[in-house]
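1. coords below, sequence missing:
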């Protein structure tokens, strides 16, 4: 079970969009160039982020993207679910109902015991993702990266912001 | 991101195999019939369980499957990883290295900050799955199901055990 590459791209794009001053936008072209990924596929990820309300989009030739909310209010989960959807990683097909010993009229008052464990694990994954927001990511990047690389990256972004 | 149906099937099969007395086996045909799933696809899941050491297999016409270890020593994670593999749900393509501002000779002393968060979430999912074993599942099923259905299911399985 693998997440789409677009999850990684979307998270990196959101980290970069967090560098923009209020009301400035960055184009899909600039985001694709910065991350060295194909613009056409990246645009799909950006569209998902836009539809989920994670980024704000301005249309047109001079259009672009910015975070729709402050970085401290956007979690990793918001970004992951924008790309992958909110559906649980485990789909219960209720195969317990196929048990040949089961009375035809049996009603279950609880979901399947197997599904409950699998849904709990899915919830643990989502809770972990919900526990880190884009402001926290920015703080980590601030610690990880050299001052020179951070300044150069910010300048690169601001030079292309609209 | 969705788990394969075979994960659900494998977990239900392991629950049933836990009903067998020591050294008795159940065929893929019986397991497929009990769960109302296609034997050909179920056999793939059973093969994965066998390769991962979760079940023990006896070959031949009278062959079948039993748990390779006591139910209390086999976790949901063992079963899920047997079918889905142990590879993280998040693959880091290290796209940070494509940053045009980055010196060509830069070495990173840590994995990417985005990947670390994603790997932590994957670990939380696996830890949750590792926290429930097949003996725990049997206890939950014991609480969930009627005494009649449990007894009838156990009889069905024992009648077909080899």
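-> It's in. In this text the structure is predicted, and so the values were computed from the model without any measurement.
2. Would you map the helices across chain A?
-> For chain A, applying DSSP state H gives helices covering A:5-17, A:28-35, A:39-51, A:76-84, A:113-130, A:134-144, A:147-160.
3. Using JSON lines, please lay out these together with mean pLDDT.
-> Listed next are those as JSON lines, based on pLDDT from 0 to 100:
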{"stretch": "helix A:5-17", "mean pLDDT": "97"}
{"stretch": "helix A:28-35", "mean pLDDT": "97"}
{"stretch": "helix A:39-51", "mean pLDDT": "95"}
{"stretch": "helix A:76-84", "mean pLDDT": "98"}
{"stretch": "helix A:113-130", "mean pLDDT": "98"}
{"stretch": "helix A:134-144", "mean pLDDT": "95"}
{"stretch": "helix A:147-160", "mean pLDDT": "96"}
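4. Residue A:18: what's its closest spatial neighbour, skipping adjacent residues?
-> With sequence-adjacent residues excluded and distances taken as Cβ to Cβ, 6 or more residues apart in numbering or on different chains, residue A:18 is closest to residue A:71, at 4.4 Å. For glycine as for every other residue, the C-beta is placed from the backbone atoms N, C-alpha and C.
5. Sorry, slip of the keys, the one I care about is residue A:153.
-> Excluding the flanking residues, the one nearest residue A:153 by Cβ to Cβ, 6+ apart is residue B:101, at 4.9 Å.
6. For that neighbour, list the residues it contacts.
-> Residue B:101 makes contact with A:149, A:152, A:153, A:155, A:156, according to Cβ atoms under 8 Å, 6 or more residues apart in numbering or on different chains.
7. Buried subset of those, written for PyMOL?
-> The buried subset of these, as determined by 16 or more other Cβ atoms under 10 Å in any protein chain shown, is captured in PyMOL by this line:
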select buried, chain A and resi 149+152+153+156
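8. Return the distance of the spatially most central residue of chain A relative to residue B:61.
-> When Cα atoms, centre = their mean is applied to chain A, the residue found nearest the centroid is residue A:79 (1.8 Å). With distances taken as Cβ to Cβ, to the nearest Å, residue A:79 is found 53 Å from residue B:61.
9. How about residue A:112?
-> When distance is defined by Cβ to Cβ, residue A:112 is 33 Å away from residue B:61.
10. the more surrounded of those two?
-> residue A:112 (22 against 5; other Cβ atoms under 10 Å in any protein chain shown).
11. Tell me how many other residues crowd residue A:55.
-> Burial of residue A:55 is recorded as 26 neighbouring residues (other Cβ under 10 Å).
12. my guess is it contacts residue A:16, does it?
-> No - shown here, residue A:55 and residue A:16 do not form a contact pair, counting by Cβ atoms under 8 Å, at 11.1 Å.
13. Please enumerate the shared neighbours of the two.
-> The contact lists of residue A:55 and residue A:16 share no entry, where a contact means Cβ under 8 Å, 6+ apart.
14. if we can go back for a sec, my guess is the residue nearest to the centre of chain A contacts residue A:7, does it?
-> Yes - applying Cβ under 8 Å as the test, residue A:79 and residue A:7 come out as touching, 7.4 Å apart.
15. Give me the common contacts of these two.
-> Contact with both residue A:79 and residue A:7 is made by no residue, according to Cβ under 8 Å, 6+ apart.
16. Next, count neighbours for residue A:95.
-> Burial of residue A:95, expressed as a neighbour count using other Cβ under 10 Å, amounts to 18.
17. Could you measure from it over to residue A:3?
-> In this view, residue A:95 and residue A:3 are 26 Å apart by Cβ to Cβ.
18. same question, residue A:31
-> Look at residue A:31 and residue A:3: by Cβ to Cβ, they are 19 Å apart.
19. before we move on, back to that, chain B versus the residue nearest to the centre of chain A, what's the distance?
-> Look at residue A:79 and chain B: by Cβ to the nearest Cβ, to the nearest Å, they are 10 Å apart.
20. now do residue A:41
-> The separation that residue A:41 has from chain B, given Cβ to the nearest Cβ, amounts to 12 Å.
21. residues touching that residue, list them.
-> The neighbours of residue A:41, taking Cβ under 8 Å, 6+ apart as the test, are A:5, A:6, A:9.
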